[in-house]
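Engineer: for reference, the sequence and a predicted model appear below.
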Amino acid sequence: MKKSLFILMSVQFLVYLGFGLIIPVLPEVILQENYNEVHVGGLLTVYALASFFTAPLWGMLSDRIGRKMLILIGLVGFSLSFWLFSLFFDSLFMLYLSRVVGGLFSGALYTAVTGFIADLSDEENRNKYMGFMGMSIGLGFIFGPAIGGVLGHISLETPFIVSAILLLVIFVYALIILKEPTRTGEANKRALLPKGALSLWSYRIKYLFLFSFMVTFLLAGLEATFQLFQIERVSITPLQIGYLFMFSGFVDAAIQGGVVRRIKNGTETTWLIYAQIVTAIGLIMTVFTTNIFWAGFSLCVFTAGNALARTTIVSLTSKESGGRYGTAAGMTYSMDNLGRIIGPLLFAWLFTKQPDNIYVLSGILAILAIGLIFGYRKSTKTLKRTA
């Protein structure tokens, strides 16, 4: 049991480490090869697209061929995506292909691992095991950019080669150690649009779905353009950007672990307004960057606001769902993915047109999103009374 859990946690960690790994390296590759900066956003977007739209397929396949087999397939495919990326910097087509492959197989791994955990656990310890998975995902997000930056300091290819090798090592370990669990249910198919989700849009919870989109949209947009912006302002290196994102990751963890749990029931909307104000301040501070310390400070301010908003909106949406937790969570997941799909591409395009104003515009968007919270407050059409 412990060995299986360790492998599953390692897989989740590597999947999300791989997501963050590319952040400090991708802009350098694009600039080195003289590609248009919009491709930074494009390469992040196709990854999210491939992962999102194939999720239902992987869920069905996991039920058909087994969790272990899909994990093994996913590890090989995800490793292949890193090899492709490291070998073909000079081919934009191959870079896009590698990102599509990465998105495809990261989706397979997420689906298979969560299904495996559900089969491995019972009602008593499932939350604990899923908590371990969440911790692994969080650590991957925190250390991905840092490791990408450190290894990218050696060469731009190094982070991808090391990740590819690690995935193959985990593949061998999983092949030997993992045993197919006794099936206790279906895998999480992460439907594109959860069953019954459209009916939720008749209620005020729709404002929370749209707010969730905006929060992720701003985060994904900043991830796509922050390094490009700081290269122009302070000639930031992949190593430096990696450390900045690592520090901001710890801020994220501190907010989620320390601040959010202190929010009292009924005060969520007030905290969301504060969160958006802090987010906007962080974005607008970025415009005034003159040194690496200010760049890191503004990033951490943005992260504090964004982390507070992300966690609080999940809690409020759950309470507002009137007992339809699964449907509401699925709809929030879909809106988050829409933000990850649109955000990088749109922000990267805006960067090519208005590089000096992009964070002023995004700060304004953060403030405008507060209107959704006021819309939620004003509406009386709640699911709570119809649960």
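Structural biologist: Good, I have the coordinates.

Engineer: CA atoms for contacts and neighbours, from now on please.
Structural biologist: Will do.

Engineer: and residue 380, how many neighbours does it have?
Structural biologist: Look at residue 380: counted by other CA atoms under 10 Å, it has 10 neighbours.

Engineer: sorry, slip of the keys, the one I care about is residue 158.
Structural biologist: There are 16 residues near residue 158, going by other CA under 10 Å.

Engineer: now do residue 31
Structural biologist: Residues near residue 31, counting by other CA under 10 Å: 13.

Engineer: what do you get for the one 5 residues further on?
Structural biologist: With neighbours defined by other CA under 10 Å, the count for residue 36 comes to 12.

Engineer: ok, now residue 299?
Structural biologist: Around residue 299 there are 23 residues (other CA under 10 Å).

Engineer: can you check residue 384 too?
Structural biologist: The burial count for residue 384: 12, using other CA under 10 Å.

Engineer: same check on residue 109?
Structural biologist: Neighbours of residue 109 using other CA under 10 Å come to 27.

Engineer: which ones are touching it?
Structural biologist: 11, 12, 15, 70, 71, 74, 75 (CA atoms under 8 Å, 6 or more residues apart in numbering).

Engineer: now it: which helix or strand?
Structural biologist: helix 92-120 (DSSP states H and E).

Engineer: would you mark the buried spots in that helix?
Structural biologist: Residues of helix 92-120 classed as buried by neighbour count (16 or more other CA atoms under 10 Å): 92, 94-120.

Engineer: could you do stretch 66-83 as well?
Structural biologist: Buried-residue list, stretch 66-83, by 16+ other CA under 10 Å: 66-72, 74-83.

Engineer: name the residues that touch it?
Structural biologist: Under CA under 8 Å, 6+ apart, the answer for stretch 66-83 is 61-62, 98-99, 101-102, 105-106, 108-109, 112-113, 115-116, 160-161, 163-165, 167-168, 170-171, 174-175, 178-181.

Engineer: now swap in stretch 210-223 and tell me
Structural biologist: 23, 41, 306, 309-310, 313, 332, 335-340, 342-348, 362, 366, 369, 372-373.

Engineer: filter these down to just the buried residues.
Structural biologist: 23, 41, 306, 309-310, 313, 332, 335-340, 342-348, 362, 366, 369, 372-373.

Engineer: filter these down to the ones in helices?
Structural biologist: 41, 306, 309-310, 313, 332, 335-340, 342-348, 362, 366, 372-373 (DSSP state H).

Engineer: output the helix or strand where residue 248 lies as CSV, nothing but the C-alphas.
Structural biologist: Per DSSP H and E, residue 248 falls inside helix 238-254. Coordinates of each C-alpha in helix 238-254 appear next as CSV, following Å, rounded to 0.1, in the frame of the first residue of the first chain:
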residue,chain,number,x,y,z
PRO,A,238,15.8,31.4,-16.4
LEU,A,239,17.5,30.8,-13.0
GLN,A,240,16.2,34.0,-11.6
ILE,A,241,12.7,33.5,-12.9
GLY,A,242,12.7,30.0,-11.4
TYR,A,243,13.5,31.3,-8.0
LEU,A,244,10.9,34.0,-8.2
PHE,A,245,8.2,31.5,-9.1
MET,A,246,9.4,29.2,-6.3
PHE,A,247,9.1,32.0,-3.7
SER,A,248,5.7,32.9,-5.0
GLY,A,249,4.7,29.2,-4.7
PHE,A,250,5.5,29.3,-1.0
VAL,A,251,3.4,32.5,-0.7
ASP,A,252,0.6,30.5,-2.4
ALA,A,253,1.0,27.7,0.0
ALA,A,254,1.1,30.0,3.0
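
Engineer: mind giving me the domain split of the protein?
Structural biologist: 2-177, 197-386 (automatic domain parsing).

Engineer: dump the ones you listed to TSV, plus mean pLDDT.
Structural biologist: Putting the domains of the chain into TSV (pLDDT from 0 to 100) gives the following:
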stretch	mean pLDDT
domain 2-177	87
domain 197-386	91
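
Engineer: verify the contact between residue 132 and residue 9 for me.
Structural biologist: Yes. Between residue 132 and residue 9 there is a contact under CA atoms under 8 Å: 7.0 Å.

Engineer: now for the residue lying closest to residue 242 once chain neighbours are set aside: which residues touch it?
Structural biologist: Excluding the flanking residues, the one nearest residue 242 by CA to CA, 6 or more residues apart in numbering is residue 146, at 3.9 Å. Shown in contact with residue 146 (CA under 8 Å, 6+ apart): 21, 239, 241, 242, 243, 244, 245, 246.

Engineer: and the last one, how far from residue 137?
Structural biologist: Spelled out, it's residue 246. 14 Å (CA to CA, to the nearest Å).

Engineer: more neighbours: which of the two?
Structural biologist: Shown here are residue 246 and residue 137; by other CA under 10 Å, residue 246 has more neighbours (23 against 20).

Engineer: residues near residue 259, how many?
Structural biologist: That count, for residue 259 with other CA under 10 Å as the rule, works out to 13.

Engineer: what does residue 325 give?
Structural biologist: 14.

Engineer: so how far is residue 293 from it?
Structural biologist: Distance from residue 325 to residue 293, by CA to CA: 42 Å.

Engineer: so how far is residue 217 from the nearest residue to residue 48 once chain neighbours are set aside?
Structural biologist: Leaving aside its chain neighbours, residue 48 sits nearest to residue 341 (5.7 Å; criterion: CA to CA, 6+ apart). Using CA to CA, residue 341 is found at 8 Å from residue 217.
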